[in-house]
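1. one predicted model, sequence on top.
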Amino acid sequence: MDTLKDNFNKIADEARREGAKVELLLSGGENLTLGFSQRKLEKFESTQTQMAGLRVVLGASQGYAYTENLSWEALLRTYKEALSNAKTLKSTEAQEIPLMKPQNIGKMSELFNPEEVPMEKKMEVAKLLEEVCLNQDPRVQSVPYSGYMEGTGFKRILNSEGVDLEFKQNYYSGYSYPLAKEGENSKMDGDSFFARSFKDVHAESTAKESVRKSLSRLGAQKLKTGNYAVVIDREQFPMVLMMFAGYLSAKEVHEGKSLFKGKLNQKIASDKFQLLDDPFEIRGTSMRPFDSEGAPSQKTVLFENGVLKNFLTNLEYAKKLNLPHTANASRSPASAMDIGATNLVVGKGTKTLQELLSSHEKVVYLTEFSAGLHSGYKESTGDISMPAEGFLYENGKMVSPVDQFVVSGNILDLLRDIEDLGNEYAKPGSSLISPHVLVKSMSFAGA
């Protein structure tokens, strides 16, 4: 017996009597987090969550409410709250907001493969993520951040048009960030893993790589102020993608917040730059068979040879702006409908990292943006001014690690000045997937 569906159908009948449409988004899951500190188990957390969000559409208006209680009384109360919000927040738009009608949805067997893994094996992974770091090199003082996580999750959508969809997923992840010290100089870096199967969990190699990264940054020198060619590491270029990802939303275009407004089908990036929104990308963490309205997932070309080819849309903004529907509706049960990317995938080039680093007489290999995105990026103008760290290369040879510098420029200039791209992606673990990227010149303020 599907009690949730029976209760929702009764709510959908209530909505029809009000001349409204209704949609229910249910999501939740289970998560386990393990962490060691000073070789002792410090964290053991197991959580379960479940939340239902109701969206009520009245013509061009919509209202939202959510609840963690799935009883009939709680769902009815939540529906009435969402209906009241829709009536209160009366839209001035003329077009009615559509709901998704039922369509065939493809299966994604890679997403959900639950396994019976003994707790001792999970504990061993969490232990190794710290212990291997501490045993690897005497310069490793401590491991301030390390841990193992696993989770299962689900999402279900029902609406008054007859949609009833659900998918589940599971994952395993972990990370190590050791602190290395030599003399008065100390540095911390790290590495992580993400896997859909426990056999692909590699704690020891993750810990060893995190130590290598931390040690490589010891003895950093100050970088001289000037303009340099820069290779942005494949694990750091996702920060650049985050800078402009919002501009790809048709909602931001409509609201005048996107620097890409009015640039559709124009060349605004290097002809080397290709970008795809791909919910089927197995390496990405944002795989899903349908979006938050129940629309079947699809790939969308965003940039092709530097030309902006599409904006991302949901049903409302595809209709409002007369754009192709890209199935990028995005929301949680507790939030309003929005538009969001799935896996953003930058097309690979043909060059090795060494070839990129040898492409100019002097190259800064940027391996870390040292502060958060909001500390150094101005979304309204696209201006970048961010502290960063990395390595200085001359004639293809590493001179020294460098730090205490600020890299600056503008996102539109950066995209236009992409000179070449690497031929390899980083290992799985992100929804922002990129090779190394060579930018011909950026400004660096250092010593």
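-> Right, received. Where do you want to start? Residues are numbered from 1 along each chain as shown.

2. C-alpha from now on. contacts and neighbour counts both.
-> Fine.

3. which residues in the chain form helices?
-> 3-17, 72-88, 119-136, 203-216, 237-245, 250-254, 315-321, 353-357, 411-416 (DSSP state H).

4. need the ones you listed in JSON lines (columns: mean pLDDT, distance to G35 and mean neighbour count).
-> Output for the helices of the chain, formatted as JSON lines (pLDDT from 0 to 100; distance: least, C-alpha to C-alpha, whole Å; neighbours: other C-alpha atoms under 10 Å):
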{"stretch": "helix 3-17", "mean pLDDT": "96", "distance to G35": "37", "mean neighbour count": "16"}
{"stretch": "helix 72-88", "mean pLDDT": "97", "distance to G35": "37", "mean neighbour count": "19"}
{"stretch": "helix 119-136", "mean pLDDT": "98", "distance to G35": "6", "mean neighbour count": "20"}
{"stretch": "helix 203-216", "mean pLDDT": "97", "distance to G35": "13", "mean neighbour count": "22"}
{"stretch": "helix 237-245", "mean pLDDT": "97", "distance to G35": "27", "mean neighbour count": "18"}
{"stretch": "helix 250-254", "mean pLDDT": "97", "distance to G35": "40", "mean neighbour count": "21"}
{"stretch": "helix 315-321", "mean pLDDT": "97", "distance to G35": "43", "mean neighbour count": "19"}
{"stretch": "helix 353-357", "mean pLDDT": "98", "distance to G35": "34", "mean neighbour count": "18"}
{"stretch": "helix 411-416", "mean pLDDT": "98", "distance to G35": "38", "mean neighbour count": "19"}
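
5. those helices: which one's closest to V345?
-> helix 237-245 (9.5 Å; C-alpha to C-alpha).

6. just the CA coordinates of the closest one, formatted as CSV?
-> Below are the C-alpha coordinates for helix 237-245, written out as CSV (Å, rounded to 0.1, in the frame of the first residue of the first chain):
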residue,chain,number,x,y,z
PHE,A,237,39.3,25.3,-12.4
PRO,A,238,36.0,24.2,-10.9
MET,A,239,36.2,27.4,-8.8
VAL,A,240,36.2,29.3,-12.1
LEU,A,241,33.2,27.3,-13.2
MET,A,242,31.4,28.3,-10.0
MET,A,243,32.1,31.9,-10.8
PHE,A,244,30.0,31.9,-13.9
ALA,A,245,27.6,28.9,-13.5
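
7. returning to that earlier point: would you turn the helices of the chain into JSON lines with distance to D271?
-> Shown next, in JSON lines, are the helices of the chain (distance: least, C-alpha to C-alpha, whole Å):
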{"stretch": "helix 3-17", "distance to D271": "50"}
{"stretch": "helix 72-88", "distance to D271": "45"}
{"stretch": "helix 119-136", "distance to D271": "41"}
{"stretch": "helix 203-216", "distance to D271": "32"}
{"stretch": "helix 237-245", "distance to D271": "17"}
{"stretch": "helix 250-254", "distance to D271": "23"}
{"stretch": "helix 315-321", "distance to D271": "27"}
{"stretch": "helix 353-357", "distance to D271": "17"}
{"stretch": "helix 411-416", "distance to D271": "8"}
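
8. out of these, which is closest to I105?
-> Nearest to I105, of the helices of the chain and by C-alpha to C-alpha, is helix 315-321 at 16.7 Å.

9. residues making contact with the closest one?
-> With C-alpha atoms under 8 Å, 6 or more residues apart in numbering as the test, helix 315-321 has contacts from 95, 97-100, 250-251, 254, 323-325, 327, 329.
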